[in-house]
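**Q** structure here, sequence nowhere to be found:
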């Protein structure tokens with residue numbers, strides 16, 4: 001009986017090891033399935049299929065989503081140009097306006113001379129997203145979000161404003177001084193405070209951000225960044241819309 005018991009125990013060990021290996025292989029297969037390249041290729045196929053079926057708006061949304069994900073997956077410690085950031089914002093707004101339709105208007109104003117200015121990737125989008133989701137999402141009509149890129153003396157100024165519900169003074173100070181937890185609702189995982197910290201690290205200075213907000217009267221966030229010399233840019237391809 002002792003020998004039989006030893007054999008059973010050994011078989012149980014082998015069975016457990018086999019199940020463990022199977023689980024590891026299943027996990028590896030799942031990881032391969034959600035590999036970004038697989039995801040982007042799948043979205044590309046879906047886009048082409050939508051075009052063949054005559055659903056051009058659906059195709060445009062799929063392409064916007066793919067480009068949004070690709071941009072978000074790049075290394076955040078590498079700078080991008082304001083032009084690249086602006087292209088990313090347009091993709092994001094395309095998706096949000098498909099959701100909110102004509103309830104929310106997005107206005108863009110920019111000085112073309114600032115578009116080659118370099119900034120950390122994903123600097124602006126979290127603020128635009130916060131404006132959509134926490135500023136104007138509950139408004140039935142008349143909601144406006146405005147993004148303005150301009151020169152301000154020796155700096156480049158980025159201004160994001162909305163006419164939404166605004167924030168309390170306590171929240172404004174908490175966000176501005178990087179204190180406490182602030183709801184961001186950011187799909188990129190980057191809240192406003194996170195962006196402030198990254199700006200401080202990137203430029204080596206503080207006091208680059210101003211927030212003006214009043215309950216029921218909207219919020220305006222102003223970021224002033226010093227002109228930074230051009231450096232190598234990341235090579236991030238996009239999905240072809242055609």
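**A** In hand now; what should we look at? Values in this document were obtained by computation on a predicted structure and should not be read as measured data.
**Q** which SS class is residue 219?
**A** strand (DSSP: H, G, I helix; E, B strand; the rest coil).
**Q** where does it land on pLDDT?
**A** Note for residue 219: predicted pLDDT of 95.
**Q** please apply the same query to residue 12.
**A** Predicted confidence (pLDDT) at residue 12: the value is 77.
**Q** that one: neighbour count?
**A** For residue 12, the neighbour count with other C-beta atoms under 10 Å is 10. (Each C-beta comes from the backbone N, C-alpha and C, glycine too.)
**Q** need the next SSE after whichever strand or helix holds it, C-terminal direction.
**A** Secondary structure assignment for residue 12, by DSSP states H and E: helix 2-33. The first helix or strand that comes after helix 2-33 along the chain, using DSSP H and E, is helix 36-52.
**Q** report the angle between the very next helix or strand once past that next one and helix 36-52.
**A** Using DSSP H and E, the helix or strand that follows helix 36-52 in sequence is helix 56-72. Relative orientation of helix 56-72 and helix 36-52, computed by axes from the mean of the first three to the mean of the last three C-alpha atoms, to 10 degrees: 160 degrees.
**Q** how about residue 157, secondary structure?
**A** Applying three-state DSSP to residue 157 yields a three-state assignment of strand.
**Q** what's the distance between it and residue 117?
**A** For residue 157, the distance to residue 117 (C-beta to C-beta, to the nearest Å) stands at 10 Å.
**Q** so, low pLDDT: which residues of this protein?
**A** 1-2, 17-18, 20-38, 74-77, 178-190, 228-242 (pLDDT under 70).
**Q** if we go to 50?
**A** For the chain, the stretches flagged by pLDDT under 50 are 181-190, 230-240.
**Q** show me the contacts for residue 155.
**A** 224-227 (C-beta atoms under 8 Å, 6 or more residues apart in numbering).
**Q** next: residue 93.
**A** Contacts of residue 93 were listed using C-beta under 8 Å, 6+ apart, and they are 106, 128.
**Q** same check, this time on the one 3 residues further on
**A** Under the criterion of C-beta under 8 Å, 6+ apart, the neighbours of residue 96 are 104, 106, 132.
**Q** ok, the closest residue in space to the last one that isn't next to it in sequence to residue 89 distance?
**A** The shortest distance from residue 132 to any non-neighbouring residue, by C-beta to C-beta, 6 or more residues apart in numbering, is to residue 96 (5.2 Å). As judged by C-beta to C-beta, residue 96 and residue 89 stand 10 Å apart.
**Q** just residue 207 next, same as before
**A** Distance of residue 207 to residue 89, computed by C-beta to C-beta: 25 Å.
**Q** neighbour count: those two, which is higher?
**A** Neighbours were counted for residue 207 and for residue 89 using other C-beta under 10 Å; residue 89 has more, 22 against 8.
**Q** name the SS class of that one, please.
**A** Going by three-state DSSP: residue 89 is helix.
**Q** does it touch residue 126 like I think?
**A** No - taking contacts as C-beta atoms under 8 Å, residue 89 lies outside contact range of residue 126: 10.8 Å.
**Q** so which of the contacts of residue 155 wins on neighbours?
**A** With neighbours taken as other C-beta under 10 Å, the top of the contacts of residue 155 is residue 225, carrying 23 neighbours.
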